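[1] Mind looking at a prediction? Sequence and model below.
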Amino acid sequence: ELILGIESSCDETSVAIVKDGQTILSNIVASQIKSHKRFGGVVPEVASRHHVEQITLCIDEALQEAQIDKKDLTAVAVTYGPGLVGALLIGVQAAKAFAWANQLPLIPVNHIAGHIYAACFEEELQFPLLALVVSGGHTELVYMKEDASYEIIGETRDDAAGEAYDKVGRVLNLSYPSGKEIDQLAHLGKDHYHFPRAMLQEDNFDFSFSGLKSAFINLVHNAQQRQETLSQEDLAASFQASVVEVLVKKTIHAAKAYPVKQLVLAGGVAANQGLRETMKQKVAEQLPHSTLIIPSLRLCGDNAAMIAAAGQTEFNKHNLADLSLNACPGLSF
Ligand code: ATP
Ligand code: MG
Ligand code: FE
């Protein structure tokens, strides 16, 4: 089976073709980051306009690179939420038009489910499974008792992990999005400032990053007032040490309460080297009966291959949409 996936929930226009839910034949990603950098974040209107310009080009390129004829496709899968409404609408509209014109079934996909299914390109998913999704807009622990079944057992009460990285990056005068650069700086510094580790003592699987963000901002501002300069490397290392410790400990705590065959680390922040390394080490030490799967770096950020993969499982369960499908910006599981 050949699924054409379409993703446009935020600032990446992407189209992919995936065979049998496991082989990527093409995965075209048109990033708009350059256009948003000077505003220090994603500007919804700018994002929509870019998607309109890119979407048909990406569809053509994905078909061409995969050397697939439209006639041979099985279905079209599209992200219909969560995300920016104007951005989502471009993908949904393009998917509906393409499905209608080529008489193909239409599969609605949740973007967060897509992030989780990015792991299936590394290894076949086995259930029950626990996924830590860490991205620009989400930080949640998702329990999956079987394919295409999702239960959120914990989530952030305020900022998402990626959002915290980007906000702290702004204070350090780094350009948006700053997760990757903070990660690189962190490897050159030490956890000298030892920021708070929020909610670690609480018996739940929720997260909070706004206290950490405030502690970071206060430290930097107070130093500025005293005209002291703090080490960027140590600040980055201290911030990252707090984020990583909380994410890893909470995930292990959850996996002990919900025993699973596999653990998945997913979302844009799963590209973080510090998080990948610590998670691997702690899971190996403390959860000998679970395997950890982390998508390859290029599949952690937004892309349509992950949407096609999640779409394949929905297709297998006959979860289809008709042409009345609409964008759902606040979609949850
Ligand atoms: P969502 O998936 O919640 O709708 P999104 O799609 O905007 O949000 P992603 O594209 O999945 O988010 O991830 C982008 C986020 O990942 C940004 O906040 C970015 O700073 C962060 N990020 C990317 N690479 C790294 C890294 N190496 N370390 C930490 N954060 C990173
Ligand atoms: Mg993005
Ligand atoms: Fe995303």
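    Yes, it's here. Ligands and ions are numbered 1, 2, ... in the order given.

[2] Could you list the residues in contact with stretch 141-150?
    110, 112-113, 116, 125, 127-133, 151-155, 205, 250-251, 254, 258, 260, 310, 313-314, 316-317, 319, 333 (C-beta atoms under 8 Å, 6 or more residues apart in numbering). Any C-beta I mention is one placed from the backbone N, CA and C, and that applies to glycine too.

[3] again, but for stretch 166-185
    With C-beta under 8 Å, 6+ apart as the criterion, stretch 166-185 contacts 33, 36-37, 39-41, 136, 159, 162, 165, 213, 216-217, 220, 232-233, 235-237, 239-240, 268-269, 271-274.

[4] can you rerun that using 6 Å?
    For stretch 166-185, contacts defined as C-beta atoms under 6 Å, 6 or more residues apart in numbering pick out 37, 40-41, 162, 165, 213, 216-217, 220, 232-233, 236, 239, 272-273.

[5] quick check, it touching ligand 3?
    No - using C-beta under 5 Å from the ion, stretch 166-185 stays clear of ligand 3, coming no nearer than 11.4 Å.

[6] Show the residue spans covered by the helices in the chain.
    33-37, 44-66, 85-101, 111-117, 161-171, 179-186, 210-225, 232-257, 273-286, 304-316 (DSSP state H).

[7] Could I get those in TSV, plus columns for mean pLDDT?
    Shown next, in TSV, are the helices of the chain (pLDDT from 0 to 100):
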stretch	mean pLDDT
helix 33-37	87
helix 44-66	96
helix 85-101	98
helix 111-117	98
helix 161-171	97
helix 179-186	98
helix 210-225	96
helix 232-257	98
helix 273-286	98
helix 304-316	98
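
[8] okay, the ones you listed in JSON lines with distance to residue 22 and mean neighbour count next?
    Below are the helices of the chain laid out as JSON lines (distance: least, C-beta to C-beta, whole Å; neighbours: other C-beta atoms under 10 Å):
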{"stretch": "helix 33-37", "distance to residue 22": "29", "mean neighbour count": "13"}
{"stretch": "helix 44-66", "distance to residue 22": "14", "mean neighbour count": "18"}
{"stretch": "helix 85-101", "distance to residue 22": "21", "mean neighbour count": "21"}
{"stretch": "helix 111-117", "distance to residue 22": "10", "mean neighbour count": "27"}
{"stretch": "helix 161-171", "distance to residue 22": "27", "mean neighbour count": "22"}
{"stretch": "helix 179-186", "distance to residue 22": "28", "mean neighbour count": "20"}
{"stretch": "helix 210-225", "distance to residue 22": "38", "mean neighbour count": "15"}
{"stretch": "helix 232-257", "distance to residue 22": "25", "mean neighbour count": "21"}
{"stretch": "helix 273-286", "distance to residue 22": "22", "mean neighbour count": "16"}
{"stretch": "helix 304-316", "distance to residue 22": "7", "mean neighbour count": "28"}
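
[9] which residues does the closest residue to ligand 1 within the chain contact?
    The nearest approach of the chain to ligand 1 comes at residue 268, 1.8 Å away (C-beta to the nearest ligand atom). Shown in contact with residue 268 (C-beta under 6 Å, 6+ apart): 135, 136, 162, 300, 301.
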